[in-house]
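In: Following is a predicted model, sequence given first.
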Amino acid sequence: MRIRLILASAVLALLSACASQPTPTTAVLAPESAQAIVAASDNKLDATLWMQQSAEYEAAMLGSFALARQQLDLALADPDWDAMPAGERKVAARGLPPALITDADETLLDNSPFQARSIQAGSPDFNYAAWLSWVSERRARALPGALAFYRYAAEQGVTVYYVTNRDDPAERAATVDNLRALGFPVADDGSNVMLRNDPRAPSREKGERRTWVSERHRVLLMLGDNLGDFIDGIAVSPLARHTLVERNRMRWGKQWIMLPNPAYGSWESAILRDCGELAKTESNRCKRNALRLQ
Ligand SMILES: [Mg+2]
């Protein structure tokens, strides 16, 4: 979600002359700006509908968590199995109690109603006040297959660490409550929920939190919907991001499970970053320019 905040800052910069409130609406915009923002919101329409309505998304999620369960069983049986990325483990894994590291949003929590509301409102891509309001409702549902998988992992004695870039402390209580109410395994003290700015490992990227977990656990699996859920240093060009994926080719589908998210993520900010200044005013043109035609 934080990634979209960065994207949104470009849109909000566009609005700054005419809107100081954190919830800008098209009504306060010059017509041409409003048109651009409605178009940007509509970019999310197909992706959000696909995630909410399509049988294909449900099937993809169920398949991913079925694979995760198979791999978890293999990992439990192999004392040398460790899913930590190169360079992040500082302590030998063998003999440590097992854990898995998972992202939350669009990995196991469904925030598509937040997307849907933004589209219906014709709002810019991301607004932190609106996001915080949604989080505070504690009404995100579990994504297909997620609850059964994480409960299974906990039943096998695997500690589930939720490493999410929701903000600590602003989003901590609501996130813990939401996860707990859905039935996800959450420690009584909430210590297995690690948000951004967690005092134990406060870096913005997730690597420091992964290292913190790996100092105490053998890490069996990692799950996420964003490259940053697996490795740091992902704010680079789209081409460089592909190189990072290739460099870790043997991890995917084995120790690292990537869930689909066409609605938002660092993939989008990489395209816009590559586009330079134009991205601040004409993000759709940037995206059209990035299309591959053969
Ligand atoms: Mg996510």
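Out: That came in fine, so what should we check first? Residues are numbered from 1 along each chain as shown.

In: Residue for residue, what is the longest strand this protein has?
Out: Taking DSSP state E as the assignment, the strand of the chain that covers the most residues is strand 159-167.

In: Show residues contacting that strand.
Out: With C-beta atoms under 8 Å, 6 or more residues apart in numbering as the test, strand 159-167 has contacts from 1-3, 97-105, 135, 150, 153-154, 172, 175, 179, 184-186, 192-197, 204, 206, 209-210, 213, 217, 228-229. For glycine as for every other residue, the C-beta is placed from the backbone atoms N, C-alpha and C.

In: Using neighbour counts, trim these to the buried set.
Out: Listed as buried from the contacts of strand 159-167 are 1-3, 98-105, 135, 150, 153-154, 172, 175, 179, 184-186, 192-197, 206, 209-210, 213, 217, 228-229; burial here means 16 or more other C-beta atoms under 10 Å.

In: Quick one: name the residues of this structure near the ion.
Out: 103, 105-106, 225 (C-beta under 5 Å from the ion).

In: Let me have these in CSV, extended by distance to residue 159, secondary structure and pLDDT.
Out: Formatted as CSV, those follow (distance: C-beta to C-beta, whole Å; DSSP: H, G, I helix; E, B strand; the rest coil; pLDDT from 0 to 100):
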residue, distance to residue 159, secondary structure, pLDDT
103, 16, coil, 98
105, 20, strand, 98
106, 22, coil, 98
225, 21, coil, 98
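
In: And the residues you listed, which is closest to residue 45?
Out: Of all the residues of the chain next to the ion, residue 45 sits closest to residue 106, with 16.6 Å by C-beta to C-beta.

In: Now do the contacts for the closest one.
Out: Counted by C-beta under 8 Å, 6+ apart, residue 106 has contacts 51, 143, 225, 259, 261, 263-264.

In: And the furthest pair within the residues you listed?
Out: 143 and 264 (15.0 Å).

In: Return the set of buried residues in the helix or strand residue 132 falls within.
Out: Assigned by DSSP states H and E, residue 132 falls within helix 128-137. Buried positions in helix 128-137, judged by neighbour count with 16+ other C-beta under 10 Å: 128, 130-131, 134-135.
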